[in-house]
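Undergrad: Here is my input, please return the structure:
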Amino acid sequence: MDLTHFLSLLDKEIGKKVFVDIRAGLYKGRYPSRLEDIRKNQIAVAHPMLKGALLPIHRSLEIVLQIEIEGSLYEVAAFIVRSSIAEQIPLLWVEPHGEVIKLQRRRFVRVPCIMKMEMFLLQEAEQFKTAREEKIAVTAKDISLGGCGFLLDISKKHLFENKRRYLCRLFLPETEFLVPVSIMRNQERDGRCEVGVSFDILPISAEKSLGNFIRQQELINR
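TA: Residues are numbered from 1 along each chain as shown. Next comes the predicted model:
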């Protein structure tokens, strides 16, 4: 898809969730954001957050924007042009360049597993503040570097509405870590609720540990 057509499609997607993917440097990671504005060949997204503060980003840094349009997932490289932090919603203005790539829906290898997890509801007002009384213990039935899926009692379905955000504690064989997640799927199946979550940000140390676990599960399930 060429940039002109891509930008024309984005014009109808204002307010939609996007991801800002930083693939090099100190703040490498995939950060949730929202499409806020488009002006000519520049795109404004909500400034990504890190631990409740604006993510430090310098001008001319190259990032990758990812967004779902009409059921398909696309990504495009972009340079940061400027920040507008004085706005009611702090904005990050970027200028896309190069080819717009259509991604496969499942970009990561997903393997079956039995992994204990704890879910803590994230408060909307403060992105990384958790409500400890909302802790819910679940067991993942499959996992990838992009997210995981689990089943739970149908009575708890209302707790996992689509787009709701949680802080998830994953228990690996030799370590554990916390990662913010978004609920992407919530379906009833055979009297139970099937939930799918997407990892919003996966720290490098967590990515390495989880990657090793996934490779081990691949060998077990061959």
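Undergrad: Double-check that N212 belongs to a helix.
TA: Yes - assessed with DSSP: H, G, I helix; E, B strand; the rest coil, N212 lies in a helix.
Undergrad: Okay, now the unreliable bits of this structure?
TA: 71, 104-108, 123-133, 222 (pLDDT under 70).
Undergrad: what sits against the most centrally placed residue in it?
TA: When Cα atoms, centre = their mean is applied to the chain, the residue found nearest the centroid is D200 (2.8 Å). With contact set as Cβ atoms under 8 Å, 6 or more residues apart in numbering, D200 has these partners: 30-32, 165, 179-182. All C-beta atoms are positioned from the backbone trio N, CA, C, and that covers glycine.
Undergrad: so which of the residues you listed comes closest to P56?
TA: Y31 (11.9 Å; Cβ to Cβ).
Undergrad: And for the closest one, the neighbour number?
TA: 22 (other Cβ atoms under 10 Å).
Undergrad: A helix includes it, no?
TA: No - secondary structure of Y31 (three-state DSSP): strand, not part of a helix.
Undergrad: isn't it right up against A46?
TA: No - Y31 lies out of contact with A46 (Cβ atoms under 8 Å); the separation is 9.9 Å.
Undergrad: Please, which helix or strand holds V18?
TA: Using DSSP states H and E, V18 sits within strand 17-22.
Undergrad: Would you list the strands that that strand pairs with, along with their directions?
TA: Within its sheet, strand 17-22 is paired with strand 29-39 (antiparallel), strand 62-69 (antiparallel), according to DSSP bridges.
Undergrad: wait, doesn't P90 sit right on L54?
TA: Yes - in this structure P90 lies within contact range of L54 using Cβ under 8 Å: 6.0 Å.
Undergrad: Need the overlap of contacts for these two.
TA: Here P90 and L54 share the contacting residues 47, 83, scored by Cβ under 8 Å, 6+ apart.
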